[in-house]
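**Student:** coordinates for the following, if possible.
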Amino acid sequence: MDTIVSKSTILLSKPPIFPARTSSQTSYSSSLASFTWPSKSLSSSRSHRTQLGCRFSSRIRKLSVTCGSGIREIDETQFSDSVLKSDGPVLVEFVANWCGPCRLISPAIEWVAQEYKDRLTVVKIDHDANPKLIEEYKVYGLPTLILFKNGKEIPESRWEGAITKVKLKGYLDALLESISVV
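**Tutor:** Next up, the predicted model:
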């Protein structure tokens, strides 16, 4: 007795079969269909890739955290003069190009630099390019915000991770009020 099974049942009941590579060809096979790739490399020619329906970009877009107006990017050599010897409070943001939350809060930090420009200086420090500062200030998560005044980190001013503009405003207002009272 023969059993009739629809193709959809077979597709749902069988696990996917991944490509197997031999020395002369790459083939995909299943019980329903078999297709053999041409023997030349998939990346050998642009027309060949397009013919197969694959389009590969030759340019890789690099994402980066950029500094807007009012924000300076500094490094280890500038840290002492820009942060520790500053007359007023300095908000330091530790960031990295590969950090998604850093890019996420970048507009809010730019807003802070504009909104608080009379009361606060904002600087960014690249995590990957400044390992001594990362180690010295024990930056474990990115982005990290630290407020400094008179060359010292303000107690309980450290913030790790993404933050909304509203929470950032509340965080800074409370910190600036506490250091102006002291």
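**Student:** ramachandran angles for the spatially closest residue to Arg72 that is not a sequence neighbour?
**Tutor:** Spatial nearest neighbour of Arg72, excluding adjacent residues (Cβ to Cβ, 6 or more residues apart in numbering): Val123 at 5.2 Å. For the C-beta atoms, the positions are set from N, CA and C on the backbone; glycine is no exception. Main-chain torsions, Val123, degrees, to the nearest 10: phi -130, psi 150.
**Student:** residues in contact with Val123?
**Tutor:** 71-74, 82-83, 90-93 (Cβ atoms under 8 Å, 6 or more residues apart in numbering).
**Student:** can we see that at 7 Å?
**Tutor:** 71-72, 74, 82-83, 90, 92 (Cβ atoms under 7 Å, 6 or more residues apart in numbering).
**Student:** what of Thr121?
**Tutor:** Contact analysis of Thr121 by Cβ under 7 Å, 6+ apart lists 86, 88, 90.
**Student:** just curious, which of those residues is nearest to Leu145?
**Tutor:** Within the contacts of Thr121, proximity to Leu145 (Cβ to Cβ) peaks at Val90, which comes in at 11.0 Å.
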